[in-house]
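1. Provided below for reference: sequence and predicted model.
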Amino acid sequence: MAPEKRKDLLKQGGIWGFIVLELAFFSIAGEYWAVTDKAFMDFENMLLLLKQSAPIGIIALGMTIVMINGNIDLSVGATFALAAIVLLDSMTWPFMQNLGDWAIPLAWCFALLTGVILGAINGLIVWKTGVDAFIVTLGSMLGFRGLVFMYNGEQPTSHLNWTLVDFAEAQFLGLHTATWFLFGAAVILWLLMTKTLHGRNAYAIGNNREAAVNAGIRVGPHFLWNFMLIGFLAALSAVVFYSESGSVNPNDGMLFELWAITAVVLGGTKLTGGYGSIVSTMGGVIAIQLLRKGLGHIGADTSTVNLVIGLILIAVLFMDRQLNRKGKEELKV
Amino acid sequence: MTDQTPVLRLEGVVKTFPGVRALDGVSFDLRPGEVHALMGENGAGKSTLMKVLGGIYDPNEGQIYIAEEPVTIASPMQAKARGVVFIHQELSLADELSVAENIWLGELPHKSFGRVDWKKLYDETDAILKTLNVGFDARTRVGDLSIANQQMVEIARALTVDPRAVIFDEPTASLTDAEKVVLFEVIADLQSKGVGIIYISHRMEEIFKITDRISVLRDGGYRGTLNTAETNEEEVTQLMIGRKLDLSRNESHHELGDVALEVRNLSCGKLFEDVSFSVRRGEVVGFYGLVGAGRTEIAETIFGLRDPSAGQILLNGEEVRIHSPMEAIARGISLVPEDRKGQGLVLGMNCRDNMTLPQVDDLTAGPFVSDGAEVAIFDQYRDKLDIRTPGWRQIAGNLSGGNQQKIVIGKWLSMHPEVLIVDEPTRGIDVGSKSEIHNLIRDLAAQGYAVIVISSEMPEVLHVSDRIVAMFSGKVMRTFTSEEVTEDSLIQAISGLEGDKVA
Amino acid sequence: MAELTKKGIGGFLARQGILVAFVIFMVGFALANQRFLAMDNIFGVIRSSAILGVMALGVTFVVIGGNLDLSVGSMMSFSTIVVLDLHDKIGPTLAIPAMFGLTLLLGAFIGFLVGYLKLNSLIVTLGMLSAIHGLTLTWSGGKNMDIADKQGTWFSIFGQGDIVGIPMPIIIFGLLALVLGLILSKTPFGRKIYAVGGNGQAATFSGIPRARVVFFTYLVSAFCVATAGLLQASRSLGSQNTVGQGYELEVLAMVILGGASLLGGSGTILKTLIGVLIFGFIENGLLLVGLEFYVQDIVVWAVIILAVWLDIAAKRGRLWSPIA
């Protein structure tokens, strides 16, 4: 059992070890190749890093839950875009304009509601038809994107509300608004997954669905709730991001699903479900953002970032497999 | 005891599936404080009956009574709520979760807002685990436990409620002797509390040790209940198979040829050690032992699916190293694997394609697979093995177990192997097909094949083998010829008791 | 199973649902607009579907073999950029084989990871999606790639040429579909792909080199991607770095729409062709009846889910899932 524990520690600690490694590497490498003379581990820089992690990070948190539950959601990028459009466009509706600044929370609610409804559509289809979540959300990725275009054609939807921008750019206790949302969501979801019936049952369903069914856990409603949750989080991510930027293109959020899955898998969550944690996903999110910033810091461009992230993802998968090997006696199938 | 109200009673339960009457008017009762064995061959209807009791299947006719109250059970949870608890043979645990979460799966104690009450959960679990006298605690991750300990977790699940009836489905299949003692103590304890226990097992010695009554199913029908104290193995067996247990040995020896396969001191890690044996042409060598004794692993090693850590394999007197099934096949070795659906067949593929799969590279006309050559092979072995299928286009998954097995056997016969290894050839197959397959194996030997039969069923091993290799926990205990073998000496050998007294 | 045959027409509808849907769409559009079934319109549709269609052929191999390929989009961008860049550097005659070689190398790398190292294909190809995108950006230096002399090159023949009035992309798409269809349905290699995808363990136990088979499915996929890249480059003679972005999921959707199961072991080239054409004709038909292009996405969404749903409903013998 001792080696088992060691492997476990390695699995859970791995991502944080990797982050430390990244910090060390970029700090040292930065001394030689840095394009600015600011140190990499600069406090401001780290704060900015957290803020920039927020949009993908919030979605990745939701993806963790859906994946622990044994599903996947490929439609989050489109949900993100649609929620953003609702957020910005709703503030231009006549009755909303009469409300003054009270329009802001209402617009947020509309956006979040949009996310929840889109999530519920996915969840209901997965539950009621029994079609694999991968296919269902692959379909809705196209469909939701169609809805995005339906809203405003290929035109960007814009509405800049300065109160909103001020709020989004505010810093409280040093952290940006977006960072607070990321941390807040992480804490709440961490509590949800580790402390509540819903969370524990989600693990059980992903781990051994038949056992969960036999134990009387209702699988369908759990699917539904978790898809609604990730829809909500995709919308929340949009709210956080577009409050500041004020303009959304119909192609925004494309490939977000893949980035989110990358972060989740880096954090060690299993694709097959039943294993993973919110904390590790935070690690995955931060590791990716560190890599982006770090490579930028030493003068590498986006191309290197993409290359490195892709290869690291594969390397992590490879190491995970090596950890789980049973040695030479293993059946070679 | 006879006057007490039964805790569980079934009356005329019928369950049909398209084309099959899986349960045909089953009635029996379970009294409080008794251990009631439920016996029957594979396919006799035991598992269907359990699924009816667990609410997974709806019975077509009949009535279930719990404490003489007619009930309909819609789910395992409802059964549990009424005090009827199942302990499954196939573990249904979530291995990433803790022991406590598994034991209370679906009904974790909780506080407001759906928060899990961890303290209560762990305290109550530890209390239950204490009565089971196990060496792990409530917080242990189930995946870190041995199979036996996982079985104990299953058992602990039954103790979370005050059960009226507990149903054990082959609980000792993976337990060591020491663990069995604990299990039997648990059963005795439940018994003394007035709980009725249904005990499903194939192991006669256990049945006679701990049960009070024995009910027997055969072909979906109820065949009667016996008082354990007043019966014996023979009577039970007769009831189970409808005739006397055929423990006849194979007597027709064929002309033996040269040694086709010889294995010297073969080891593979901890799976098996220092195994030596040889098979001649025209000979059937049976491998007998309990599940996990290392028999299948030897076959897989010979077939190139595992790398041996030591030892030699000789084919026709020449040492070979086999690294993959491809190489094994090229050298004339065929393996009919143990898990028919998982390893033997591509269930979604048609019968013909399944049968010709290993040689599809050779059945070509130009760059394409030759339809004619394939159909010819299929027809030949369909007739030879009497495979009943509407045609070669039939999807393999739609055939009965016996016909599926014949497809797999046909697949390997059509390769004209020199050494044929068959692993559990009749598992899950009806009685009729069984004897057909046994005859087939004898015929193959007569034609000069060297055959290895791995089986967990003693009658089968006795019936087909010229020699029997008895294995226990990765080691060869003894090799018997079919003349010298007796049931007692065989059982001793596979239980790890060095049987000096050869009868 | 007897139950299914009893259902007769209903069973047929469920099993061939996608074909039925295809026919209904075609008839509907033809009635709504005379031009829909005109030859030039049909050519137009197939021609514009050809690039995604060619990629879908390759992905069909991978999916039947029981894996996924999410890297085809960014790999296609790579092929396009590389061949455009090399066109001006070493001339089209050398650029084309060089590009095919490099793309096949990428396919071989993925095939090695998924086949021989047995890594999860979803994550490997997700990683490669990002890595290859990086590679493309490095190659192009982040700039758009254009052929200097657009008029004076014969390179445009693949994307813009025609033979006896049939556009080249259609000919290439058709030929490739024919060859790959024959390989899949008639050769030992094709049979092995079905076996490996249907039950990998049983395939291994039957002496089929599973790793090698999977490896080759990725080579086929890479070959198709290179062909798609060639068509794209030749048609536009210039390209952005992100030309294939998002294609991976669209292509997968086509393959699934055709009826291939993500679990592997089922699907055919013919079915994939139907999936590709449904995509194309729905888009075209909706445009012709005056609907916007995005309606296509929404219709396709519904069609995919309905198709897969009916398919599995027919297999399990009931419409609604048994999930509690």
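-> Received the coordinates, thanks.
2. Now C:G244: closest residue in space, sequence neighbours ignored.
-> C:M76 (3.4 Å; C-beta to C-beta, 6 or more residues apart in numbering or on different chains). All C-beta spots, glycine's among them, are computed from the backbone N, C-alpha and C.
3. shouldn't the one you found be in contact with C:Q245?
-> No - with contact defined as C-beta atoms under 8 Å, C:M76 does not reach C:Q245; the gap is 9.2 Å.
4. can you tell me which residues contact B:D219?
-> B:24, B:44-45 (C-beta atoms under 8 Å, 6 or more residues apart in numbering or on different chains).
5. So for the nearest residue to C:T136 once chain neighbours are set aside, what's the pLDDT?
-> With sequence-adjacent residues excluded and distances taken as C-beta to C-beta, 6+ apart, C:T136 is closest to C:F78, at 4.6 Å. At C:F78, the model reports a pLDDT of 96.
6. got the contact list for C:F78?
-> Counting by C-beta under 8 Å, 6+ apart, C:F78 touches C:102-103, C:106, C:132, C:135-136, C:139, C:229.
7. Then C:S236?
-> By C-beta under 8 Å, 6+ apart, C:S236 lies in contact with C:G159.
8. again, but for B:Y449
-> Neighbouring residues of B:Y449 by C-beta under 8 Å, 6+ apart: B:281-282, B:417-420.
9. what about A:G77, helix or strand, and which?
-> Per DSSP states H and E, A:G77 falls inside helix A:76-90.
10. packing partners for that helix?
-> The elements that helix A:76-90 packs onto, with contact taken as 3 or more C-beta pairs under 8 Å, 6 or more residues apart in numbering or on different chains; DSSP states H and E, are helix A:43-68, helix A:103-129, helix A:133-152, strand A:157-158, helix A:219-245, strand A:247-248, helix A:256-266.
11. Please save the CA atoms from it in CSV.
-> C-alpha atoms of helix A:76-90 as CSV (Å, rounded to 0.1, in the frame of the first residue of the first chain):
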residue,chain,number,x,y,z
VAL,A,76,-18.9,25.7,-23.4
GLY,A,77,-17.2,28.0,-25.9
ALA,A,78,-20.5,28.7,-27.7
THR,A,79,-22.3,29.0,-24.4
PHE,A,80,-19.7,31.6,-23.3
ALA,A,81,-20.3,33.6,-26.5
LEU,A,82,-24.0,33.5,-26.3
ALA,A,83,-24.1,34.5,-22.6
ALA,A,84,-21.7,37.4,-23.5
ILE,A,85,-24.1,38.6,-26.2
VAL,A,86,-27.1,38.5,-23.9
LEU,A,87,-25.1,40.4,-21.3
LEU,A,88,-24.1,43.2,-23.6
ASP,A,89,-27.2,43.3,-25.7
SER,A,90,-29.7,43.2,-22.8
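12. How far off centre is it?
-> Using C-alpha atoms, centre = their mean, to the nearest Å, the mean C-alpha position of helix A:76-90 is found 16 Å from that of the whole chain.
13. hmm, back to that, out of the contacts of C:F78, who's nearest chain A?
-> Closest approach to chain A among the contacts of C:F78 (C-beta to the nearest C-beta): C:L135, at 6.1 Å.
14. roughly how far apart are that closest one and chain B?
-> Distance of C:L135 to chain B, given as C-beta to the nearest C-beta, to the nearest Å: 34 Å.
15. hmm, back to that, C:M76 and C:Q245: who's more crowded?
-> Each of C:M76 and C:Q245 has its neighbours counted (other C-beta atoms under 10 Å in any protein chain shown); C:M76 has more, 33 against 17.
16. what sits against the more buried one?
-> C:51, C:55, C:225, C:228-229, C:232, C:243-244, C:247.
17. One more pass at 7 Å, please.
-> Going by C-beta atoms under 7 Å, 6 or more residues apart in numbering or on different chains, C:M76 touches C:55, C:225, C:228-229, C:232, C:244, C:247.
18. Please identify the helix or strand for it.
-> Per DSSP H and E: C:M76 is located in helix C:72-90.
19. That helix: what's the following helix or strand?
-> The helix or strand immediately downstream of helix C:72-90 is helix C:92-111, counting by DSSP H and E.
20. Of all the residues in that following helix, which ones are buried?
-> C:92, C:95-96, C:99-100, C:102-104, C:106-111 (16 or more other C-beta atoms under 10 Å in any protein chain shown).
21. contacting residues around it?
-> C:71, C:75, C:78-79, C:82-83, C:86-87, C:90, C:124-125, C:128, C:132, C:153-155, C:214-215, C:218-219, C:221-223, C:225-226, C:229-230.
22. Buried only: go through the residues you listed for me.
-> Buried among these (16+ other C-beta under 10 Å): C:71, C:75, C:78-79, C:82-83, C:86-87, C:124-125, C:128, C:132, C:153, C:155, C:214-215, C:218-219, C:221-223, C:225-226, C:229-230.
23. any idea of the pLDDT on the nearest residue to A:A133 once chain neighbours are set aside?
-> Counting by C-beta to C-beta, 6+ apart, A:N71 is the residue found nearest to A:A133 once chain neighbours are left out, at 3.7 Å. At A:N71, the model reports a pLDDT of 94.
24. A:N71 falls within a strand, correct?
-> No - applying DSSP: H, G, I helix; E, B strand; the rest coil, one finds A:N71 to be coil, outside a strand.
25. ok, it touching A:F134?
-> No - taking contacts as C-beta atoms under 7 Å, A:N71 lies outside contact range of A:F134: 8.0 Å.
26. from the stretch 151-300 of chain B, which residue is nearest to chain A?
-> B:G269 (3.8 Å).
27. thinking in terms of the whole chain, how far from its middle is stretch C:187-201?
-> 20 Å.
28. near chain A, anything from that stretch?
-> Yes - counting by C-beta under 7 Å from any C-beta of the partner chain, chain A has neighbours in stretch C:187-201: C:Q201.
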